[in-house]
Every structure is written in structure tokens, then in C-alpha cells.
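Chemist: Below are the sequence and a predicted model for it; my questions follow.
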Amino acid sequence: MQLLQQTIDQIQGIDRQMEEKARMYIDSLAKPPQSLGKLESLALQIATITGDLAPKIDNKAVIVMAADHGVYEEGVTPNPQSTTVFQTLSFPKGTTGMCTIAKISNAQVIPVDIGVKEDLPQDAGVIIKKVKYGTDNMAKGPAMTREEAIQAIEVGIEVATEAIQNGINLIGTGEMGIGNTTPSAAVLSVLHGCDPLAVTGFGAGVGAGGIEYKAEVIRKVIALNEPNAEDPIDVVAKVGGLEICGMAGIFLAAAANRVPVVVDGYISTVSALIASKLNPNVKAYLIPSHLSEEPGAKIAAELLGLEPMLHMNMRLGEGSGAALAFPILDAACSMITNMVTLEEAAALLVAK
């Protein structure tokens with residue numbers, strides 16, 4: 001709890017003077033004002049976060065939190081739980097969907113076992129930070145204890161902080177865990193105060209009962225565990241997941257270290273919502289990537305005040321949307337770094 005509280009306390013609001021300086025500089029570039037649309041907004045945000053009018057995001061990483069879920073026992077997905085293991089072991093090999101996208105921008109992939117149900121080989125290239133062997137079945141009781149939830153958040157803080165200390169200057173969030181759209185929908189349903197059906201989707205595949213059954217399981221989970229919507233740690237402990245906690249820790253660490261962090265899809269956005277409940281200043285450091293096909297993704301983004309930049313009909317997870325957004329962020333930084341101002345352009349004409 002000490003690391004978590006220290007990190008929360010460390011997070012400051014953005015520098016408004018720097019924001020205004022960056023805005024004025026971008027407006028002075030050789031183009032009509034706002035003609036580059038969201039590229040300008042992204043450049044403004046990254047320059048403000050980093051405090052640099054020529055921001056560098058040349059050392060990127062997607063941190064992938066992997067964990068299993070006890071609620072799998074309720075038949076919410078037909079996919080074998082063993083998928084979590086072989087996909088987690090595939091990240092170091094660079095063969096997953098997200099990894100192939102991350103290669104485009106030379107981003108590192110940092111996989112973390114925060115709660116996979118099986119033991120993974122120590123030499124597989126996965127960081128082993130296992131809090132427990134998957135969550136407990138939240139249809140029969142809390143997914144984890146409050147202490148385990150805090151421990152999992154602190155794992156995210158530790159991994160992200162170490163990456164930043166090693167030179168990472170742009171982080172994307174990712175996850176791997178069969179069944180994890182169920183706890184994501186449960187957490188969002190509690191925080192938004194809505195019926196689970198409104199935020200429950202197909203995920204990577206629904207069980208025989210379909211989405212209605214999946215939503216009914218979530219209703220029972222919430223009724224049984226009675227999570228306190230005013231206490232985000234209570235919510236994520238009772239009806240959440242270990243990787244959801246881990247990603248929340250990544251967001252907190254990035255904000256505390258003034259490093260921009262890219263939010264992936266549904267599960268990542270729910271994690272960002274948890275982090276922002278712990279410290280609202282986190283929101284200023286979040287860069288949304290894509291709008292997931294999951295119905296709760298739009299609701300979660302709206303609660304955070306985020307507008308995803310990509311609409312690609314994706315729902316893979318893993319951090320795939322975050323990795324896909326990296327080249328766009330490179331373009332935004334190139335714009336603010338390399339474009340001449342109107343004054344400079346005029347001077348060049350005179351010099352000729």
C-alpha cells in the first residue's frame with residue numbers, strides 16, 4: 001500500500017503554462033490553424049506532458065499484463081483457458097497479433113505474468129510477478145482480497161517505473177487473459193451504475209448462453225459481492241481482475257513520471273478508469289487509441305472524457321490498438337519538431 005499511495009501522491013496536474021506555450025507554438029507553424037486536426041491535439045498533449053516542444057517518443061513499449069479468471073468456471077466463454085498460457089509465452093517470440101503491429105514502430109513488448117493459472121518457465125522472456133494463480137470465481141465470492149488487488153496495482157507500478165528508468169518514453173497498455181471482458185464489464189457496470197447488459201459484449205467469444213447469460217452472471221456477481229462504487233479498489237478486488245489492476249498501476253506510474261501512456265481498448269480503458277478514480281490527474285496523461293467493438297468501450301471512454309482516434313472494428317486486445325496508434329503519435333511529434341514556423345518560412349523566402 002505504501003508504493004501505491006506514494007505514486008498517487010506523486011501525480012501532479014499538467015503544467016498549464018507549458019500547455020499554453022505549446023499551443024502558441026503549434027499555432028505559429030507554417031499551416032492554417034488546426035488544419036492538422038487531431039495531430040495538433042496529440043502534439044500539444046505530448047509536448048505538455050513531457051515539457052518539451054521537440055518531444056521524443058523514440059523508445060516505446062507495450063506492457064502486457066497476463067492473468068486468468070476464476071469466473072471462467074461459469075461458462076462465460078468457450079475458449080480454452082490454456083490460451084492464456086500459450087499466448088503469454090508467444091509475446092516474447094513476437095508472434096501475436098499485437099507484436100506484429102508493434103514491430104512497425106520498433107516498440108518493445110514487455111509481457112508480465114501477474115496471475116496466469118499455471119507456472120511459466122523462468123527463462124521464457126516473461127517477467128514473473130504472479131500475485132496468485134488467477135482470480136477466485138467471483139460468482140462464489142470476491143475475485144481477490146483487497147490486499148491482493150493493491151499488490152497487483154503495485155506490480156504495474158513497479159514494471160512501468162522500471163521501464164521508464166530504462167529509457168522508455170512512451171508506454172502502451174496491453175493484457176492477456178481468457179474471460180477478462182467479464183470482469184471488465186462488471187467493474188464498468190458498478191462504476192457507471194448501469195445494468196451489465198449495457199456494457200457486456202462478445203469478447204473473444206461467448207459461451208452457449210450468449211451475451212444475455214454473460215450479463216446475468218455479472219448481475220449475480222455484483223449482487224453477491226456488493227462492491228462499493230465509491231471505492232475503486234473495493235470494486236476491482238471484488239469483481240475485477242489481476243491484469244486490470246496491473247494496468248491501472250501502469251497508468252499511475254506513467255502519470256507520476258510524466259510519461260505519455262496509450263490506452264488500448266475496452267479492458268485497458270476500464271483499467272484507466274480505475275486509475276483515474278484513484279487520482280483524477282491521471283486523465284491528462286492518457287492518450288486513447290482505438291474504439292473497441294465491445295459495447296462498454298465507448299461508455300468507459302466517455303466516462304474518462306477520451307475520444308479514441310481510431311475506428312478499426314478491432315477487439316483483439318493485447319495492446320493491439322495502442323501499438324497501432326504509435327506511428328500516428330510519431331507523426332504528431334515530427335510535426336511539432338520539424339515543421340518550420342510561418343516566420344521561419346518567410347525568412348527562408350527572403351533569403352532566396
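Modeler: Yep, that arrived.

Chemist: Next, residue 66: secondary structure please.
Modeler: Judged by DSSP: H, G, I helix; E, B strand; the rest coil, the three-state class of residue 66 is strand.

Chemist: Tell me the bridge partners for it.
Modeler: For residue 66, the beta-bridge partners under DSSP bridges are residue 113, residue 176.

Chemist: Tell me how many other residues crowd it.
Modeler: With neighbours defined by other CB atoms under 10 Å, the count for residue 66 comes to 29. Heads up, the C-betas are built off the backbone N, CA and C, glycines and all.

Chemist: Same question for the one 4 residues further on.
Modeler: Summarising burial for residue 70: neighbours were counted as other CB under 10 Å, giving 22.

Chemist: Would you list the phi and psi of residue 110?
Modeler: phi -120, psi 90 (degrees, to the nearest 10).

Chemist: Kindly report the domain assignment for the protein.
Modeler: If you go by automatic domain parsing, the domain ranges for the chain are 2-54+336-351, 60-326.

Chemist: In JSON lines: those domains, plus mean pLDDT.
Modeler: Output for those, formatted as JSON lines (pLDDT from 0 to 100):
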{"stretch": "domain 2-54+336-351", "mean pLDDT": "94"}
{"stretch": "domain 60-326", "mean pLDDT": "97"}
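
Chemist: tell me the most buried of those?
Modeler: Highest mean neighbour count among the domains of the chain (mean count of other CB atoms under 10 Å): domain 60-326, with a mean of 22.

Chemist: What does the closest residue to residue 90 other than its chain neighbours show for phi and psi?
Modeler: The spatially closest residue to residue 90, leaving aside those adjacent along the chain, is residue 96, at 5.0 Å (CB to CB, 6 or more residues apart in numbering). Note on residue 96: its backbone torsions stand at phi -80, psi 170 [degrees, to the nearest 10].

Chemist: Contacts only, for residue 96.
Modeler: 87, 90, 318 (CB atoms under 8 Å, 6 or more residues apart in numbering).

Chemist: Backbone dihedrals for the last one, please?
Modeler: With angles defined as degrees, to the nearest 10, residue 318 shows backbone torsions of phi 70, psi -10.

Chemist: Let me know the helix or strand that the closest residue to it other than its chain neighbours is in.
Modeler: Leaving aside its chain neighbours, residue 318 sits nearest to residue 98 (3.7 Å; criterion: CB to CB, 6+ apart). Assigned by DSSP states H and E, residue 98 falls within helix 97-102.

Chemist: Helices of this protein, start to end?
Modeler: 2-10, 16-27, 38-50, 82-90, 97-102, 146-165, 181-192, 210-225, 232-239, 242-256, 266-278, 295-304, 320-338, 342-351 (DSSP state H).

Chemist: so which of these gets nearest residue 139?
Modeler: helix 210-225 (5.4 Å; CB to CB).

Chemist: between that closest one and helix 295-304, how many degrees?
Modeler: Helix 210-225 runs at 50 degrees relative to helix 295-304, counting by axes from the mean of the first three to the mean of the last three CA atoms, to 10 degrees.

Chemist: hang on, isn't residue 244 packed against residue 238?
Modeler: No: applying CB atoms under 8 Å as the test, residue 244 and residue 238 come out as separate, 12.0 Å apart.

Chemist: how far away is the closest residue in space to residue 186 that isn't next to it in sequence from residue 268?
Modeler: Once flanking residues are discounted, residue 186 sits nearest to residue 239: 3.9 Å by CB to CB, 6+ apart. As defined by CB to CB, to the nearest Å, residue 239 lies at a distance of 17 Å from residue 268.

Chemist: All set now, cheers.
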